[in-house]
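# with the input below, show me the fold.
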Amino acid sequence: MKNSITILALFISMVFYGQNHTVVGKWKTIDDQTGKAKSIVEIYERSGKIYGKIIDILDAEKKKNLCVNCPGDEKNKPVLGLVVIKGLTKDGNEYNSGKILDPTSGKLYKCFLALEGNDKLKVRGYIGVALFGRTQTWNRVK
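Reported below is the predicted structural model:
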């Protein structure tokens, strides 16, 4: 009986650990210049690739903003609902080989994501090589 309970407890803890030890979920974006929370991005997996969509904008005055500088089909679309992380693939402990869209400037950057613990996500957008870019730390929404 004790062995059954131990095995069950171990299985349950592994399931919960696996759920939190992934980039998939909801993340609060933090402006790296002001330190203020900006939005909630839901990161999800589709066909083996990672994507992220803005599901909430925390500044009520900006909820109806359009992506006026965005390229292609995203031009003049609402920022709320916009897919900003596109096509990342898992590579060891990082996710890379995709793009991130800055809805303010409309620019696309190469991107990589890396978990720092279970509840912090390092998000780096860069041009060319990762040395030339900017990093933000996002916090998991619980």
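
# mind listing the strands for the protein?
Listed in chain order, the strands of the chain (DSSP state E) span 25-30, 37-46, 49-57, 83-91, 94-102, 107-116, 120-126, 133-140.

# what's in contact with the last one?
Residues from elsewhere that reach strand 133-140, judged by Cβ atoms under 8 Å, 6 or more residues apart in numbering: 20, 25-32, 41, 109-110, 116, 118-127. (C-beta placed from N, C-alpha, C; glycine too.)

# in that strand, what counts as buried?
By 16 or more other Cβ atoms under 10 Å, the buried positions in strand 133-140 come out as 133, 136, 138, 140.

# what's the angle from it to strand 107-116?
50 degrees (axes from the mean of the first three to the mean of the last three Cα atoms, to 10 degrees).

# could you check the angle strand 49-57 makes with strand 133-140?
Using the same axes, to 10 degrees: strand 133-140 against strand 49-57 is 70 degrees.

# show me where this structure dips below the pLDDT cut-off.
1-20 (pLDDT under 70).

# how many other residues sit next to the nearest residue to residue 141 once chain neighbours are set aside?
Nearest residue to residue 141 in three dimensions, chain neighbours excluded: residue 26, at 4.0 Å (Cβ to Cβ, 6 or more residues apart in numbering). Using other Cβ atoms under 10 Å, residue 26 is surrounded by 17 other residues.

# list the contacts for residue 26?
40-43, 55, 140-141 are the contacts of residue 26 under Cβ under 8 Å, 6+ apart.

# out of the strands of the chain, which is closest to residue 69?
Residue 69 lies closest, by Cβ to Cβ, to one member of these: strand 107-116, at 7.7 Å.

# ok, how many other residues are close to the nearest residue in space to residue 53 that is not next to it in sequence?
Using Cβ to Cβ, 6+ apart and skipping the chain neighbours, the partner closest in space to residue 53 is residue 83 (4.9 Å). When neighbours are counted by other Cβ under 10 Å, residue 83 registers 16.

# how close does residue 83 sit to residue 130?
Between residue 83 and residue 130 the computed distance is 22 Å (Cβ to Cβ, to the nearest Å).
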